[in-house]
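K.L.:
next input, structure requested:
(chains A and B)
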Amino acid sequence: MTARPRKLWWRAYLVPGVFLAPALLAFTWFKFIPMARGLEMSFHQVNFGAPSPWVGLDNFRRVFADEALGQAALNTLFYVGGTVTSSALLALLLALVLQGTTRHLRFIRTAIFLPAVTSAAVLAEIWRILYAPTPDGAINTLFGWLGIGAQTFLNDPDSALRWLMVMHVWKHVPYDTVIFIAGLATINTELYDASDVDGANVWQRFRFVTVPGLAHAITIVMTLGLIRGFRVFAEIHATTGGGPAGATEVVMTHIYKLGFVEFDYGYAAAASVVLFAFTATTTVLYLHWRKRAET
Amino acid sequence: MSWRSLPRWIFYTLLLIVFVGPFWAFAVTAFSGVTLQPGRLLLWPEALTLENFHYAWVKSQVWRYLLNSLIVVTIGTVLQVSVSALAAYALARKRFRGAAAVSLLILSTMMLPEEVIAIPLYIVLGDLPLLNISLLNTHAGMILPVVGWAFSIFMLTEFMKKVPPELEEAARVDGANEWQIFWVVILPLVKPALGSVAVFGFIMIWDQYLLPLIVANRDDLYTLPVALATVRADETMPPAVFVAITLIAMAPSILIYLAMQKAFNRGLLMGAVKG
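P.N.:
Residues are numbered from 1 along each chain as shown, chains lettered A, B, ... in the order given. Okay, the predicted model is just below:
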């Protein structure tokens, strides 16, 4: 009676333990330990080969006093706001046009998905070339045909960030479209019939049947958009690197420079912690608000 | 096709121009043998040739970066899928106290953008806890951090939960051990899901940028996406060669997507519905 329950206690964990071990090891080493180390570093002035003194909240005070970081944060907010809304609206339009199962629709859906499976660094190189600032550059040629004047795109401090947002939307619209198409498929067609009987026009049908039916899909699209917008790095690092004159600097490119150019690890870690806290809070608040809107 | 559907077809054409046009222009330019000014692309092939690829391969040494990328993406995908399948088996088929906590712990990493742990991850990779070895400037340093991926664990867990318990019990009665049940009973039944997570894993690893950027300090270890910026800096290289190199860098993820579309779409829908 005394030995048996102990043996059982072991057995219950033996199998799941062995099967989970590789995953838990990978997560601990490369996710949880870095998370803990990042938090720890943010309270220290990190030096290599020398002691790293505890500096309390100094790094965080610097984060909120740093004007360059503040500007990067504003750029990021503008970038997130612009890309999330335009990507969602465009995707909604595309989903309404491209829903259906005919062969040509499936072909078009597959074709327009190519940007979504192109890696961010390649995307950056594609658009660097499309955005060639010379009058005979790819998009400038197209603009010429349409009677739009030649642009300097990424070299123009006033509009560079917006051109980068176009690039971001181009990559993510196809993905959002698929989510909306999946959402449209879940809407009960009887609701459309009922709205016809009630004499609803196209707009009313859209507003009172389609949009409420897509509530969950909208939440997913917006949440994914928020998370990937705040963390944006590769496509900006590989195109403008934050230039010209800081016009396209976002929080992650700034943190990268603090860490890997200026080797100010403690401060960079503190800025990362703030970025994470901000992203998490925004996402949670948004989800909380949507939960009420969805029901 | 009637006149009424004309606006629809114009819209389709516009979509294809916007979303596929750039890929078309890149492919056409890469295979054309005419001298171009930087930033110019062709819309129709001229003087078809493989010269640009030859230059890219031999003079720009693209094969080396491609090799690094292929090593990382192949080993990475295999390890990621294997580790996820093992973990999913425990989470889906075993009842043990703390299972919910483990799931939550893994799930929580989905909310964590990898970018925000880049700085401490760099420190951890430079001196791995317990082993005290450095993974910087190694392929392992670019592979191991992507092995644990919450998305594929949860996807596989959902699929493995659907396998009826009778199949497992029957095998157990026949004297199958735990590994045999995992390998012979469960895995073959979730093969479609394995395909889905493999495509997603491949594309996710091919998309890695910050990780190889911080792990590799020597340019001979760069993966192709990271090497693009270095390769581009060579001013003696004809512009069409760089277009060809970009095409090489986008090919693997696009080909995998096109080849495994069914598996990809299944994963996408699952992800879209589950959020």
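
K.L.:
number of nearby residues for the residue of chain A at minimum distance from chain B?
P.N.:
With Cβ to the nearest Cβ as the measure, A:Ala132 is the residue of chain A nearest to chain B, at 2.3 Å. For every residue, glycine as well, the C-beta is placed using N, CA and C. Using other Cβ atoms under 10 Å in any protein chain shown, A:Ala132 has 22 other residues around it.

K.L.:
which residues touch the residue lying closest to it once chain neighbours are set aside?
P.N.:
Spatial nearest neighbour of A:Ala132, excluding adjacent residues (Cβ to Cβ, 6 or more residues apart in numbering or on different chains): B:Gly39 at 2.3 Å. Residues near B:Gly39 by Cβ atoms under 8 Å, 6 or more residues apart in numbering or on different chains: A:Ile129, A:Ala132, A:Pro133, A:Thr134, A:Asp136, A:Gly137, A:Ala138, B:Pro239.

K.L.:
of all of chain B, which residue lies closest to chain A?
P.N.:
Nearest to chain A, among the residues of chain B, is B:Gly39, at 2.3 Å (Cβ to the nearest Cβ).

K.L.:
so that residue sits in a helix?
P.N.:
No: counting by DSSP: H, G, I helix; E, B strand; the rest coil, B:Gly39 is not found in a helix; it is coil.

K.L.:
let me see the backbone angles for it.
P.N.:
As for B:Gly39, its main-chain torsions (degrees, to the nearest 10) stand at phi 90, psi 0.

K.L.:
tell me the spacing between it and A:Trp163.
P.N.:
Distance of B:Gly39 to A:Trp163, given as Cβ to Cβ, to the nearest Å: 14 Å.

K.L.:
checking the residue of chain A closest to chain B next. Helix, strand or coil?
P.N.:
A:Ala132 is classified as coil under three-state DSSP.

K.L.:
show me the contacts for it.
P.N.:
A:Ala138, A:Ile139, A:Asn140, A:Phe153, B:Pro38, B:Gly39, B:Arg40.

K.L.:
pick out the most distant pair among these.
P.N.:
A:Phe153 and B:Arg40 (14.9 Å; Cβ to Cβ).

K.L.:
which of those two has more residues huddled nearby?
P.N.:
Neighbours were counted for A:Phe153 and for B:Arg40 using other Cβ under 10 Å; A:Phe153 has more, 23 against 20.

K.L.:
and chain B, what are its domain boundaries?
P.N.:
Here the domain parsing of chain B from automatic domain parsing is B:1-49, B:61-274.

K.L.:
okay, these in TSV with mean pLDDT next?
P.N.:
Shown next, in TSV, are the domains of chain B (pLDDT from 0 to 100):
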stretch	mean pLDDT
domain B:1-49	88
domain B:61-274	91
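
K.L.:
out of these, which is the most enclosed?
P.N.:
domain B:61-274 (a mean of 19; mean count of other Cβ atoms under 10 Å in any protein chain shown).

K.L.:
who's in contact with A:Pro34?
P.N.:
Counting by Cβ under 8 Å, 6+ apart, A:Pro34 has contacts B:Ile117, B:Pro120, B:Leu121, B:Ile123, B:Val124.

K.L.:
can you tell me which residues contact the third one?
P.N.:
The reference is to B:Leu121. Contact partners of B:Leu121, counting by Cβ under 8 Å, 6+ apart, are A:Phe30, A:Pro34, B:Glu114, B:Pro145, B:Leu211, B:Ile214.

K.L.:
quick check, central residue of the chain?
P.N.:
Chain wasn't specified; assuming chain A. Nearest to the mean C-alpha position of chain A, counting by Cα atoms, centre = their mean, stands A:Arg228 at 1.0 Å.

K.L.:
oops, wrong one, chain B.
P.N.:
Nearest to the geometric centre of chain B sits B:Ile203, at 2.1 Å (Cα atoms, centre = their mean).
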